[in-house]
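S.K.: have a look at this prediction, sequence included:
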Amino acid sequence: MVHKNPSYKILFIIAFTLVGGVVFSQNNKQKQLETRRQELRREIQKINELRNENQSKAKSQLSLIEDFNYKISVLSNLIKVTNQQANLLTREINANQNKISDLRNELTDLKEDYAGMIVKSYKSKNQQSRIMFLLSSNNFKQAYKRLQYIKQYSDHQKKQGETIKLKTEELQLTNNRLLKQQEEKRKLIAENREIQKSLEEERKQHETVMASIKKDLNKYTAQIKEKQRESDRIDREIDRIIKAAIAKSNEKAGKSTSSSSFALTAEEAVLASNFVSNKGKLPWPVEKGFVKIGYGKQPSLVDKSLIVERNGVTIATEKNAKVRAVFDGEVSEIYKMKHINPIVMIRHGSYLTIYKNLSEVYVKVGDKVKTKQEIGKVFTNPSNGETTMSFTISKGFVKENPANWIYKM
């Protein structure tokens, strides 16, 4: 009778658990990469749809550079993610190939061992019957032991046959998995070649536009500076409106009007808390679109020596796109400036969301709005066909990066 080593069994369980953990981790990573790849593919689809929608219009060179720059960055990210998937599949394929080799070797040993047992059993039956083997025992104890041996040998032979069957099935499954992984990798590589072609085409067009801009760089630099001055002017006016709103709320609450934060009622405090708890999960202010210009300070795409600053994000969207409130709140201001399209400000307790460049407004000051409620329509520039809006999130005067608040921005 063979006695199993308990410590060997424990080591086997630990090894199996570790291997299982690695496989689970790889599968989880593969799923995350696939999810991200599909997100980037949808992003490119949105860019292409909006570009096709506006292709009949003559965009400015600066706007074209923004478009090319954004699509190049998305395509580059898609190539990076697809390469990561392919590399992970390569590691999984290599692991499965090694596993197949080990299983084949193991099956060869098992089959040889099993064949040996069959031959031994056959010879044993020819030389002496089992009954004679038992009857030739010197005493009952020896006969009992011989009976146990015959039973154990028979059980072992049966288990060996079952093990061969299971190992054969495992080998087949691993082979199928390997073939599937190889096909997935082939598709990823083929797709990456197509993406690479698109990226090269975008870069060529980007270079052509940049070459045209550089011929008259001073003119475009002046345009960028003028845009920044206009943006700063709007931001200063918005800050003035916020200051007045804060002073009004504090005066109503009997507090200092010089405070930099809103005085909150119990209801407003709950609203602010709910707003914060939904950070990263808020819906987009438009149903379909992508961020064309990001938040914060960044070098100009045309002249790297120029630093441009944005207190929010600029979102490109489709013509006649509706603007939606990103959370429950109250319309605190609808503002119109000379040569500037309407701006809607919604208060969420101590937070504000600001929606700029609207052509129509569907709400009025004091209206209570719900999440995803339509509050207006995005303005479409008739000269170039661009439909863009600016979106800002602010806590008092402090501007926050919308990408940290809006779901998958």
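M.R.: That came through fine.

S.K.: from now on I want contacts and neighbour counts done on CA atoms only, so please keep to that.
M.R.: Fine.

S.K.: for the host helix or strand of E226, what is the average pLDDT?
M.R.: Using DSSP states H and E, the element containing E226 is helix 217-252. If you average the pLDDT over helix 217-252, you get 91.

S.K.: quick one: the helices in this protein?
M.R.: All helices of the chain, identified by DSSP state H, fall at 6-53, 61-127, 130-135, 140-215, 217-252, 266-277.

S.K.: next one: the fourth one to chain centre, how far?
M.R.: Right, helix 140-215. Distance of helix 140-215 from its chain centroid, counting by Cα atoms, centre = their mean, to the nearest Å, is 24 Å.

S.K.: got the angle for it vs helix 61-127?
M.R.: With axes from the mean of the first three to the mean of the last three Cα atoms, to 10 degrees defining the directions, helix 140-215 sits at 160 degrees from helix 61-127.

S.K.: which other helices and strands contact helix 140-215?
M.R.: helix 61-127, helix 130-135 (3 or more Cα pairs under 8 Å, 6 or more residues apart in numbering; DSSP states H and E).

S.K.: show the end-to-end separation of stretch 249-265, please.
M.R.: 9 Å (Cα to Cα, to the nearest Å).

S.K.: hang on, the earlier thing: could I get the helices of the chain as a markdown table with distance to E333?
M.R.: Output for the helices of the chain, formatted as a markdown table (distance: least, Cα to Cα, whole Å):
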| stretch | distance to E333 |
| --- | --- |
| helix 6-53 | 30 |
| helix 61-127 | 30 |
| helix 130-135 | 100 |
| helix 140-215 | 39 |
| helix 217-252 | 8 |
| helix 266-277 | 17 |
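
S.K.: dump the ones you listed to a markdown table, plus distance to G349 and mean neighbour count.
M.R.: Below are those laid out as a markdown table (distance: least, Cα to Cα, whole Å; neighbours: other Cα atoms under 10 Å):
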| stretch | distance to G349 | mean neighbour count |
| --- | --- | --- |
| helix 6-53 | 33 | 14 |
| helix 61-127 | 34 | 16 |
| helix 130-135 | 90 | 13 |
| helix 140-215 | 44 | 15 |
| helix 217-252 | 11 | 16 |
| helix 266-277 | 4 | 16 |
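
S.K.: which of these sits closest to R310?
M.R.: Comparing the helices of the chain by their distance to R310 (Cα to Cα), the top pick is helix 217-252, with 7.8 Å.

S.K.: roughly how far is that closest one from the heart of the chain?
M.R.: Taking Cα atoms, centre = their mean, one finds the center of helix 217-252 at 34 Å from the center of the full chain.

S.K.: any idea how far V270 lies from D328?
M.R.: Separation of V270 from D328 (Cα to Cα): 11 Å.

S.K.: spit out the contact partners of K322.
M.R.: K322 makes contact with 286-287, 374-378, according to Cα atoms under 8 Å, 6 or more residues apart in numbering.

S.K.: gap between the residue nearest to E333 when sequence neighbours are not counted and K158?
M.R.: Leaving aside its sequence neighbours, E333 sits nearest to M345 (Cα to Cα, 6 or more residues apart in numbering; 5.1 Å). Taking Cα to Cα as the measure, M345 and K158 are separated by 78 Å.

S.K.: for E53, same thing?
M.R.: 71 Å.

S.K.: follow-up on the earlier one: quick one, which of the contacts of K322 are buried?
M.R.: 286, 374-378 (16 or more other Cα atoms under 10 Å).

S.K.: would you map out the domains in the protein?
M.R.: Listed by automatic domain parsing, the domain ranges of the chain are 6-215, 217-404.

S.K.: what about the shortest one, start to end distance?
M.R.: With Cα to Cα applied, domain 217-404 spans 34 Å between its terminal residues.

S.K.: so how far is that domain off the chain centroid?
M.R.: 26 Å.

S.K.: just give the number of residues close to the residue nearest to A253 when sequence neighbours are not counted.
M.R.: Nearest residue to A253, sequence neighbours excluded (Cα to Cα, 6+ apart): A263, at 6.5 Å. Using other Cα atoms under 10 Å, A263 is surrounded by 23 other residues.

S.K.: pretty sure A263 contacts K248?
M.R.: No - counting by Cα atoms under 8 Å, A263 stays clear of K248, with 9.2 Å between them.

S.K.: re earlier: got the angle for the helix holding E226 vs helix 140-215?
M.R.: Using the same axes, to 10 degrees: helix 217-252 against helix 140-215 is 110 degrees.

S.K.: where does pLDDT dip in the chain?
M.R.: The model of the chain has pLDDT under 70 over residues 1-24, 54-58, 114, 116-138, 140, 143-144, 146-147, 149-157, 160-161.
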